[in-house]
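Asker: Need coordinates for the following:
(chains A and B)
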Amino acid sequence: MTITPLTGHLRTMRYYLFPAFAALIGAGVAGAQTTARVTAGVTGGTALVHDELGGPISLGAGRPVTIALAITHPIGAKYRLLIEGRVGRANVNVDDSGVQSDLESLTTVGAMLLVDGPFAGAFRWEIGAGVLSYRPADQRGVFLQGGPSPWLLGAGLSWSRPMGGSGLRMLANARYDFHQFQTRQLESRGYSQYRTVHRVGLGVGIERRF
Amino acid sequence: MRTLPVLFVLGVAGCSDMITPTRVPPYEYRLLPARTGRNDIVSFKWPRTFLPVRIWVATDDVLRPHVAEAINRWEGAFLYGEFRAELVSDSSRADVIVRNTLSPGGGGLLKTRLLAQRPECLGETVFDDTGWPSSQVLPLRIFIAPRFAPTDPGMAACYAITATHELGHAIGLLEHTSDAGDVMFANPVLDGLSERDIVTAETVYHVQPSLTPTGRR
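Answerer: Presented below is the predicted three-dimensional model:
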């Protein structure tokens, strides 16, 4: 399956799609077993670009510290719907024939709609799709004409257990996701197709039931 | 629900990679013995440890916006942060000094001069070559001067083209090309960078140079 990144106004529409979903779900959750969760963690990923210029050169998004906020709402007896926003920040790094250097700071903002369900014991699986937006601090290099906002597919496992009788649960999760990376600047320089970027994130946090 | 993991696995299986472009061949950017009168080839680039390169031009100088634009153009030639520069206000800490005057010429130091000549203005980049062929003494000096009254029509375009050309020398494109479609043509007419300028600049920053900058840091 190939994910075809959107162009033109469809690209912009995605920013409105997820808040709209959130509002719809939020309107119907009062009194239900809705939970809110916040997690912090770190995400690592494969290179955004791999090139050959006198030697191998690769560009990566570093290992951003990520903060995620999510709201879950039951759908049926076993499953839940998750709406999640995830923000990460790290420096773009370059490996130029083995020489590492850090470039400008890069913020990634992700929004995902996921479904989770029981896996084993206190573990639950989760799977979903969303959008990941690259927001570089300075528009340079491959981000000279701005950062892309590709579609994102992800899956993971979460584990939680109650924290006393406070209604809070402690939570840990592991998430794998992938997306197709390309930028306008790379396209303008003749780079075609997309590079699949794989990411793995680990996080810990708390969850509260309303 | 059971089909979701299957769809996900199919998605992962659709891994792909970018196709890198076929690049035009770079032009000669090194100074060959016939040009320098030395028995060696000279090449230069700014190491990443020197970035951003500090460039001084007087704050009230008409050249300043043109030098800023030249910096943007050359930075834009690179995809992986190979070259970055900034304008500074203290010439004593600058790696490159740009002056709006004719080069004093002569002098006791060994100097290699790279000239650009346009109808309205002249440009020259001076490399102090006392450390050649292994080191490059800083600062590099760029001189850009009007040939006629600075208010003459075409002077702004001349400043822009000549600043880009001279900064090209300062980043390591030491030679002139024989193609008027390149900004590194000896009498430049292109107000911007050609594909060959970009490819050659990329090449400069991905091969080992003969000169290492020294001083001023």
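Asker: tell me the pLDDT at residue A:63?
Answerer: At residue A:63, the pLDDT value in this model is 89.
Asker: Would you list the phi and psi of residue A:173?
Answerer: Dihedral pair for residue A:173: phi -140, psi 160, per degrees, to the nearest 10.
Asker: and the nearest residue to it once chain neighbours are set aside, how many neighbours does it have?
Answerer: What sits nearest to residue A:173 in space, not counting adjacent residues and going by C-beta to C-beta, 6 or more residues apart in numbering or on different chains, is residue A:158, at 3.9 Å. Placement of C-beta: from N, CA and C, glycine included. By other C-beta atoms under 10 Å in any protein chain shown, the residues close to residue A:158 number 24.
Asker: any idea how far residue A:158 lies from residue A:148?
Answerer: As judged by C-beta to C-beta, to the nearest Å, residue A:158 and residue A:148 stand 28 Å apart.
Asker: on that earlier part again, my guess is the residue nearest to residue A:173 contacts residue A:118, does it?
Answerer: No - counting by C-beta atoms under 8 Å, residue A:158 stays clear of residue A:118, with 10.9 Å between them.
Asker: quick one: common contacting residues for these two?
Answerer: Counting by C-beta atoms under 8 Å, 6 or more residues apart in numbering or on different chains, the common neighbours of residue A:158 and residue A:118 are residue A:124.
Asker: In contact with the residue lying farthest from the centre of chain A: list those residues for me.
Answerer: Here chain A reaches farthest from its C-alpha mean at residue A:54, the gap being 33.2 Å by C-alpha atoms, centre = their mean. Going by C-beta under 8 Å, 6+ apart, residue A:54 touches A:97, B:203, B:206-207.
Asker: Please repeat the previous calculation with a cut-off of 10 Å.
Answerer: Shown in contact with residue A:54 (C-beta atoms under 10 Å, 6 or more residues apart in numbering or on different chains): A:96-97, B:202-208.
Asker: closest to residue A:130 among these?
Answerer: When the contacts of residue A:54 are ranked by distance to residue A:130 (C-beta to C-beta), residue A:96 comes first, at 32.1 Å.
Asker: Enumerate every residue touching the residue lying closest to the closest one once chain neighbours are set aside.
Answerer: Nearest residue to residue A:96, sequence neighbours excluded (C-beta to C-beta, 6+ apart): residue A:57, at 5.0 Å. Neighbouring residues of residue A:57 by C-beta under 10 Å, 6+ apart: A:47, A:49-51, A:94-99, B:79-80, B:82, B:206.
Asker: Would you point out the most distant pair within those?
Answerer: Using C-beta to C-beta, the pair of the contacts of residue A:57 lying farthest apart is A:98 and B:79, separated by 18.1 Å.
Asker: the more surrounded of those two?
Answerer: The neighbour comparison of residue A:98 against residue B:79 (other C-beta under 10 Å) goes to residue B:79, with 24 against 8.
Asker: name the element the residue nearest to residue A:173 belongs to?
Answerer: Using DSSP states H and E, residue A:158 falls within strand A:151-162.
Asker: Ok, residue B:165 next?
Answerer: Assigned by DSSP H and E, residue B:165 belongs to helix B:155-171.
Asker: May I see the buried residues of that helix?
Answerer: Neighbour counts over helix B:155-171 (16 or more other C-beta atoms under 10 Å in any protein chain shown) mark B:155, B:158-171 as buried.
Asker: nearest to chain A, of those?
Answerer: Distance to chain A, by C-beta to the nearest C-beta, is smallest for residue B:171 among these, at 15.3 Å.
Asker: Now do the contacts for that closest one.
Answerer: B:29, B:44-46, B:53, B:70-71, B:74-75, B:77-78, B:82-83, B:85, B:96, B:140, B:201, B:204-205.
Asker: Mind jotting down where the strands sit in chain A?
Answerer: Ranges of strands within chain A are A:35-45, A:49-52, A:56-60, A:65-75, A:79-96, A:99-120, A:123-136, A:151-162, A:168-181, A:195-209, based on DSSP state E.
Asker: For those, give me CSV that also has distance to residue B:119.
Answerer: Putting the strands of chain A into CSV (distance: least, C-beta to C-beta, whole Å) gives the following:
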stretch, distance to residue B:119
strand A:35-45, 53
strand A:49-52, 40
strand A:56-60, 41
strand A:65-75, 56
strand A:79-96, 41
strand A:99-120, 40
strand A:123-136, 41
strand A:151-162, 53
strand A:168-181, 46
strand A:195-209, 47
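Asker: Thanks again, I'm all set now.
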